[in-house]
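# Here's my sequence, what's the structure:
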Amino acid sequence: MTVGVALNAADADNQIDATVRLAAQAAEAGLRSAWFGQTFGADSPLLAAIVGREVPALQVGTSAIPVFGRHPLVVSSQAQTAQAATHGRYHLGLALGTKLLTESGFGIPFERPVARLREFLTALRQLTETGAADFHGELLTATTPIPARVPGAEAGVPLLVAAMGPQALRASGELADGILPYLAGPRALAEHIVPAVTAAAEAAGRPAPRIVALVNGVVTDDIDAVREKAAEQLAFYEQIPSYARVIELSGGERAVDVAVIGDEKTVAAEVQRYRDAGATEVVFGGTEIAGDADRRRTWALLGELAG
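All right, here's what the predicted structure looks like:
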C-alpha cells in the first residue's frame with residue numbers, strides 16, 4: 001500500500017512555486033504521491049505536470065476533475081500532456097461534481113450525472129489509449145477528425161473516479177481503473193464501497209480496482225482545537241447528499257467524525273484500518289490545518305508508513 005498527500009498551496013503568494021516546494025518536502029519525507037484538487041482555480045493536470053517534472057520521485061494525480069463543464073477531448077489532451085511530461089507518473093481523477101457548483105458556476109443543469117460519467121469515461125478511454133475516438137452518446141459526442149495522441153503518453157493514463165454511491169461505483173468498476181473515495185471511513189469502505197466496485201469490475205472482466213482513499217488527517221497534540229477547526233472547514237460537505245450518506249455509512253454524523261486527528265500511534269492505527277478495509281493507497285489531505293510543524297510531523301509518520 002502506498003501513502004501520499006494532497007497538496008494545497010492556494011493561499012501562497014505564488015501557488016505553483018509553493019506547491020513545488022511542498023512536493024519536494026513530501027518526497028524527502030518518503031511519501032510516494034502528491035495529489036491536486038480541481039476547483040475554479042489552478043488547473044490540476046498542469047500543476048501535476050509541473051510538479052512531476054520538478055520532483056521526479058513522486059507519482060502525481062488529479063483528485064478530481066468534474067465531468068460537467070468539461071469535454072473528453074479537452075481532458076484527454078490535458079491528461080496525455082501531463083503523462084508525457086511526467087514519463088508515466090500521472091493519474092487522472094474524475095468526479096461527478098455537485099449540483100451547487102455546477103449550476104451556479106457553469107450555468108448548466110446538473111442532470112443525469114452517472115449517465116454523463118459513463119459516456120465521459122467511455123470516450124476518454126478511447127482517447128487516452130488510442131489517441132482517437134468515434135463516440136456518439138446521448139449526452140456527449142467525441143470524434144477525432146485529426147489525431148489526438150500526445151507522443152510520450154502511449155502507455156495511456158490511469159482513470160480513477162471519486163465514486164461512492166452505488167451507481168457511480170458500478171460505472172467506475174466497469175469503465176475505470178479505480179476510485180478516489182473521500183470522507184469514507186474504513187467501515188464504509190469495507191462494507192459498501194470496496195465490495196460494490198470490485199464486483200462491478202469482476203463482472204466486466206476488468207482487473208481489481210485501485211482504492212485510493214482520501215483522508216483528512218494530521219498528527220498533533222492539540223487534538224480538541226484542531227478537531228474544532230476541521231469541523232468548521234469540512235461542514236460544507238455535510239450539505240451534499242452523497243457525502244452525508246457516506247459519512248453516515250462510516251458511522252459518523254459530521255464530516256469531522258471521519259477525520260484522523262491524534263498522535264503518531266493513533267494515526268498509524270487508522271491508516272492500518274484503511275488498509276484492512278481494502279484501500280490500496282491512502283492519501284492524506286488537510287495536513288496543514290495545525291500549522292507547519294504538525295504538517296511536517298504528519299508527513300514524517302506517513303513517510304515511515306510508506307516505506
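
# quick one: low-confidence ranges for the stretch 1-150 of the chain?
Applying pLDDT under 70 to the stretch 1-150 of the chain flags the ranges 1.

# Show me where it has its helices.
For the stretch 1-150 of the chain, the helices defined by DSSP state H, counting those that start in this stretch occupy 15-28, 44-54, 72-85, 99-101, 113-130.

# So which of these is nearest Ile240?
Go through the helices of the stretch 1-150 of the chain one by one with Cβ to Cβ and the one that ends up closest to Ile240 is helix 99-101, at 7.7 Å. Glycine gets a C-beta too; all of them are placed from N, C-alpha and C.

# Would you mind measuring from the residue lying closest to Ala27 once chain neighbours are set aside to Ala300?
Of all residues not flanking Ala27 in the chain, Ala57 sits nearest, at 4.2 Å (Cβ to Cβ, 6 or more residues apart in numbering). According to Cβ to Cβ, to the nearest Å, Ala57 and Ala300 sit 16 Å apart.

# Report the contact partners of the spatially most central residue of the chain.
When Cα atoms, centre = their mean is applied to the chain, the residue found nearest the centroid is Ser63 (2.9 Å). Counting by Cβ atoms under 8 Å, 6 or more residues apart in numbering, Ser63 touches 6, 35-38, 44, 93, 160, 162, 180, 182, 212, 214, 283.

# let's see it at 7 Å
Shown in contact with Ser63 (Cβ atoms under 7 Å, 6 or more residues apart in numbering): Ala6, Trp35, Gly37, Gly93, Ala162, Leu180, Leu214.

# can you check Gly217 too?
Ala259, Val260, Ile261, Val267, Phe284, Gly286.

# For these, which two are the farthest from each other?
Val267 and Gly286 (12.5 Å).

# Quick one: closest of the helices of the stretch 1-150 of the chain to Arg275.
Arg275 lies closest to helix 15-28 among the helices of the stretch 1-150 of the chain, at 19.8 Å (Cβ to Cβ).

# What are the boundaries of the strands in this structure?
Under the criterion DSSP state E, strands of the chain are mapped to 2-6, 33-36, 59-62, 65-66, 90-95, 134-136, 141-143, 159-161, 178-179, 210-219, 260-262, 281-285.

# Could I get those strands in CSV, plus columns for distance to Ala231?
Output for the strands of the chain, formatted as CSV (distance: least, Cβ to Cβ, whole Å):
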stretch, distance to Ala231
strand 2-6, 19
strand 33-36, 23
strand 59-62, 27
strand 65-66, 25
strand 90-95, 23
strand 134-136, 43
strand 141-143, 42
strand 159-161, 27
strand 178-179, 26
strand 210-219, 11
strand 260-262, 10
strand 281-285, 15
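
# From Ala42, how far off is the residue nearest to Ala27?
In terms of Cβ to Cβ, Ala57 sits 22 Å off from Ala42.

# now Asp221
Counting by Cβ to Cβ - Asp221 and Ala42 are separated by 32 Å.

# Compare neighbour counts for the two and give me the winner.
Neighbour totals were compared for Asp221 and Ala42, and Ala42 leads with 17 against 11 (other Cβ atoms under 10 Å).

# Looks like that one contacts Gln15 (just checking).
Yes - look at Ala42 against Gln15 with Cβ atoms under 7 Å: they come within range, at 5.6 Å.

# related to what we said a few turns ago, could you let me know which of the contacts of Ser63 ends up closest to Pro147?
Nearest to Pro147 among the contacts of Ser63, with distances taken as Cβ to Cβ, is Gly93, at 25.4 Å.

# isn't Leu160 right up against Leu180?
Yes - using Cβ under 7 Å, Leu160 and Leu180 qualify as a contacting pair, with a distance of 5.1 Å.

# tell me, what's touching these two both at once?
Common neighbours of Leu160 and Leu180, using Cβ under 7 Å, 6+ apart, are Gly93, Val212.
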